[in-house]
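# One predicted model, sequence on top.
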Number of protein chains: 2
Amino acid sequence: MSRMGWPRIRVAALSIIALFSFWISAATAQIDPLPSWNEGSVKQAIIAFVTAVAREGSPDFIPESDRIATFDNDGTLWIEQPIYVQFAFALDRVKTLAPQHPEWRDKQPFKAVLDGDMEAVAAMGEHGAVDIVAATHAGMTPDDFRTIAKEWLATAKHPRFGRRYDDLVYQPMLEVLAYMRANGFKTFIVSGGGIEFMRAFAPERYGIPSGQIVGSSIVTTFERRDGRPTLFRLPKVNFVDDGPGKPVGIDQHIGLRPVAAFGNSDGDLEMLQWTTETGGRRLGVVVHHTDAEREYAYDRDSKVGRLDKALDAAAQERWTVVDMKRDWKVIFPAEAR
Amino acid sequence: MSRMGWPRIRVAALSIIALFSFWISAATAQIDPLPSWNEGSVKQAIIAFVTAVAREGSPDFIPESDRIATFDNDGTLWIEQPIYVQFAFALDRVKTLAPQHPEWRDKQPFKAVLDGDMEAVAAMGEHGAVDIVAATHAGMTPDDFRTIAKEWLATAKHPRFGRRYDDLVYQPMLEVLAYMRANGFKTFIVSGGGIEFMRAFAPERYGIPSGQIVGSSIVTTFERRDGRPTLFRLPKVNFVDDGPGKPVGIDQHIGLRPVAAFGNSDGDLEMLQWTTETGGRRLGVVVHHTDAEREYAYDRDSKVGRLDKALDAAAQERWTVVDMKRDWKVIFPAEAR
């Protein structure tokens, strides 16, 4: 080091800095951050928002610590038709566990599940769902549950697309997540789905760590079992992170009001309102499933992912509505995991 | 750029790389990451752990995504004597609000608080505490509560040290937080204290964002008030993040088992067990308050921050016990905020 004189070091350093600046500006000029989005007002709205709030000196600048973006999961980041993925998991688990529960052959809602009578399952509503969740999601440690969910995700296939469920994530949304993170946003999932189920795939699939996943949960207790400290999942609802529960879950887990929120159904209405109905530049995005050919088309009358009030609110509150058919060049990642 | 030939760029680049390497190695050789810690086995244990798990190729290497470190707050990161800071806040709030509540003059536990009869307040136990929390922590939005807490912290002074409470954080622990983060750890607070109270100062004071604070909470609801989306704090306990609640809170918020945990009382026992009683290299640290002169000396018989079972467990489980008097060169930051 001492052999290099300061002037030479200085020249060298400046040359390198100039070189890097050139590379960086060349790169940013060329690279489209959202290549799977068709050009148009929606893509433009997302980029304009990110640029406006992340650029130092912009009138809409938001400091990095406040750049909180929340994303619903089912129907916003991955497929939710014909039934929620987690519900498909629960039904498969009932079938897997049935040999250990001969009584299920005559006991609802299990009988209906084993008979494949989905209409009967649906007719039992929330009550049936709670029994199924209790039988398939509780009575084990969180670690064991995550292992079971991972094993299922590695083998189960979507009935229409024949691909792993975690391959049926939306490529354009993966790009939004990466783009926002590259601009200093912290990305969170805020979903009605089970927090522990999402932890089985979301960290790896979306690049969102476990601690940034907010979801519904059942009660977990801590006790010593066989002399070892153990967490144990009980068949009792702890928190429902849906509708008005979403702003509450956000407050509990994040403690900051988001500045951008992405959803696709009425369950996201309150999160979108909480995010956007305030001073300052905000972004509310609703993914509208309009593509029956490449994915599904559904909104006001759908049993799963119903989008009715939130679609009206989107017009009124000037949220950005993604028309999947028009705005997305591709739906799913080309490559399998 | 094109004016520079490739050979010259290459030489310049290599020179700069060599220069930086020199600086970095010189810096690491010189800078003590824990300057407020006296040399000894405790300081050595912390540095040895961090080095062992963060160094690629080490047999104890832990990938960055799993480097989760949890810290109790009261008595571990800041002062907790003669009463918990949040309790001092609540008592002051009762006095501030008293003119609006003439009925408090004859109603317990408020009468005892207004009379300054701390023994009577203590005698009422949990029941009295719940009423005080309800009166001082609920009935407002989380934002309003945080503003009130911030204003109090900016003016209230510790009775013995005459300094702001958020100046009575432990300088050696601030260094541990920074040191661990510099080595790829994510630092979390896991405290029996109120999550919303901590959010009023912890992000700025400890460099720990709101979303990495786990604490006790009261129920919060979401509703529209005067046409605006509003969160509202209710006088009802939601979650107690203490003792066996700490591993549960960790599971809810973080979803990963910590590899390092710092505490100072029996309320941290289960968190320390949950962190260390597993395979792989782990770090459990107990701060033992042994310095009556510079701070306080208390353990087995203390009403606040009682350290009894966890001190026995520390010997048995070979946790690292900080002897404050012996191990800490300074207690509080020299400079005021």
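Alright, I've got the coordinates.

# what does the stretch 201-337 of chain A put close to chain B?
A:203, A:209-213, A:217, A:220-223, A:228-229, A:231, A:244-248, A:251-256, A:270, A:273-274, A:277 (Cβ under 8 Å from any Cβ of the partner chain). Placement of C-beta: from N, CA and C, glycine included.

# Out of those residues, which sit inside helices?
Taking DSSP state H, the ones among these that sit in helices are A:203, A:245, A:246, A:247, A:248, A:251, A:252, A:253, A:270, A:273, A:274.

# out of those, who has the most neighbours?
Among those, the one with the most neighbours (other Cβ atoms under 10 Å in any protein chain shown) is residue A:246, at 30 neighbours.

# That residue: what's it in contact with?
A:70, A:190, A:192, A:214, A:267, A:268, A:270, A:271, A:274, B:222 (Cβ atoms under 8 Å, 6 or more residues apart in numbering or on different chains).

# Which of those sits closest to residue A:132?
Among those, residue A:192 lies closest to residue A:132 (Cβ to Cβ), at 15.8 Å.

# Test for you: state the pLDDT assigned to the closest one.
For residue A:192, the pLDDT comes out at 97.

# Just to be sure, it is in a strand?
Yes: assignment of residue A:192 by DSSP: H, G, I helix; E, B strand; the rest coil places it within a strand.

# Verify the contact between it and residue A:267 for me.
Yes: if you go by Cβ atoms under 8 Å, residue A:192 and residue A:267 touch, sitting 5.3 Å apart.

# Take the ones in helices among the residues of the stretch 201-337 of chain A next to chain B and lay them out in JSON lines including pLDDT.
Output for those, formatted as JSON lines (pLDDT from 0 to 100):
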{"residue": "A:203", "pLDDT": "97"}
{"residue": "A:245", "pLDDT": "98"}
{"residue": "A:246", "pLDDT": "98"}
{"residue": "A:247", "pLDDT": "98"}
{"residue": "A:248", "pLDDT": "98"}
{"residue": "A:251", "pLDDT": "98"}
{"residue": "A:252", "pLDDT": "97"}
{"residue": "A:253", "pLDDT": "98"}
{"residue": "A:270", "pLDDT": "98"}
{"residue": "A:273", "pLDDT": "98"}
{"residue": "A:274", "pLDDT": "98"}
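
# which among those residues gets closest to residue A:111?
For those, with residue A:111 as the reference and Cβ to Cβ as the criterion, the closest is residue A:245, at 31.1 Å.

# is it true that the closest one touches residue A:251?
No: Residue A:245 is beyond contact range of residue A:251, at 10.5 Å (criterion: Cβ under 8 Å).

# how many neighbours does the closest residue to chain B within the stretch 51-200 of chain A have?
Of all residues in the stretch 51-200 of chain A, the one sitting closest to chain B is residue A:199 (5.0 Å; Cβ to the nearest Cβ). Applying other Cβ under 10 Å, we find 23 residues neighbouring residue A:199.

# ok, now which ones touch it?
Counted by Cβ under 8 Å, 6+ apart, residue A:199 has contacts A:146, A:210, A:213, B:255.

# Tell me the pLDDT of the residue nearest to the spatial centre of chain A.
Centre of chain A computed as the mean C-alpha position; nearest residue by Cα atoms, centre = their mean is residue A:73, 2.9 Å away. As predicted, residue A:73 sits at a pLDDT of 98.

# From residue A:196, how far off is it?
Distance of residue A:73 to residue A:196, given as Cβ to Cβ, to the nearest Å: 13 Å.

# which residues do the two both contact?
residue A:215.

# if we can go back for a sec, present the contacts of residue A:246 as CSV; the columns should include distance to residue A:319.
Listed next are the contacts of residue A:246 as CSV, based on distance: Cβ to Cβ, whole Å:
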residue, distance to residue A:319
A:70, 14
A:190, 16
A:192, 19
A:214, 20
A:267, 15
A:268, 10
A:270, 13
A:271, 11
A:274, 13
B:222, 18
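
# farthest pair in those residues?
A:192 and A:274 (15.2 Å).

# Sketch out the low-pLDDT regions of chain A for me.
Within chain A, the stretches with pLDDT under 70 are A:1-30.

# Mind jotting down where the helices sit in it?
Ranges of helices in chain A, per DSSP H, are A:6-30, A:41-54, A:85-97, A:110-115, A:118-123, A:125-137, A:142-155, A:171-182, A:195-199, A:202-206, A:245-253, A:269-276, A:309-317, A:324-327.

# Any chance of a markdown table for those helices, columns distance to residue B:63?
Listed next are those as a markdown table, based on distance: least, Cβ to Cβ, whole Å:
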| stretch | distance to residue B:63 |
| --- | --- |
| helix A:6-30 | 29 |
| helix A:41-54 | 29 |
| helix A:85-97 | 27 |
| helix A:110-115 | 39 |
| helix A:118-123 | 41 |
| helix A:125-137 | 28 |
| helix A:142-155 | 17 |
| helix A:171-182 | 19 |
| helix A:195-199 | 16 |
| helix A:202-206 | 12 |
| helix A:245-253 | 23 |
| helix A:269-276 | 32 |
| helix A:309-317 | 39 |
| helix A:324-327 | 36 |
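
# Let me see the backbone angles for the residue nearest to the centre of chain A.
Dihedral pair for residue A:73: phi -100, psi -70, per degrees, to the nearest 10.

# how many neighbours does the closest residue to it other than its chain neighbours have?
Spatial nearest neighbour of residue A:73, excluding adjacent residues (Cβ to Cβ, 6 or more residues apart in numbering or on different chains): residue A:191 at 3.8 Å. Residue A:191 is flanked by 30 other residues according to other Cβ under 10 Å.

# Over to residue A:40?
Neighbours of residue A:40 (other Cβ under 10 Å): 11.

# Hmm, residue A:326 and it touching each other?
Yes: using Cβ under 8 Å, residue A:40 is in contact with residue A:326, at 7.0 Å.

# Next, the contact list for residue A:213, please.
By Cβ under 8 Å, 6+ apart, the contact set of residue A:213 is A:188, A:189, A:191, A:195, A:198, A:199, A:202, A:203, B:255.

# Same list, those residues, but as JSON lines with distance to residue A:262 please.
Formatted as JSON lines, those follow (distance: Cβ to Cβ, whole Å):
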{"residue": "A:188", "distance to residue A:262": "11"}
{"residue": "A:189", "distance to residue A:262": "10"}
{"residue": "A:191", "distance to residue A:262": "11"}
{"residue": "A:195", "distance to residue A:262": "18"}
{"residue": "A:198", "distance to residue A:262": "15"}
{"residue": "A:199", "distance to residue A:262": "20"}
{"residue": "A:202", "distance to residue A:262": "14"}
{"residue": "A:203", "distance to residue A:262": "18"}
{"residue": "B:255", "distance to residue A:262": "21"}
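
# Which single one of those residues is nearest to residue B:99?
residue A:188 (41.8 Å).

# which residues touch that closest one?
A:68-71, A:208, A:212-214, A:250, A:253-254, A:258, B:211.

# returning to what we had before: which two in the contacts of residue A:199 are spaced the farthest apart?
A:146 and A:213 (12.0 Å).
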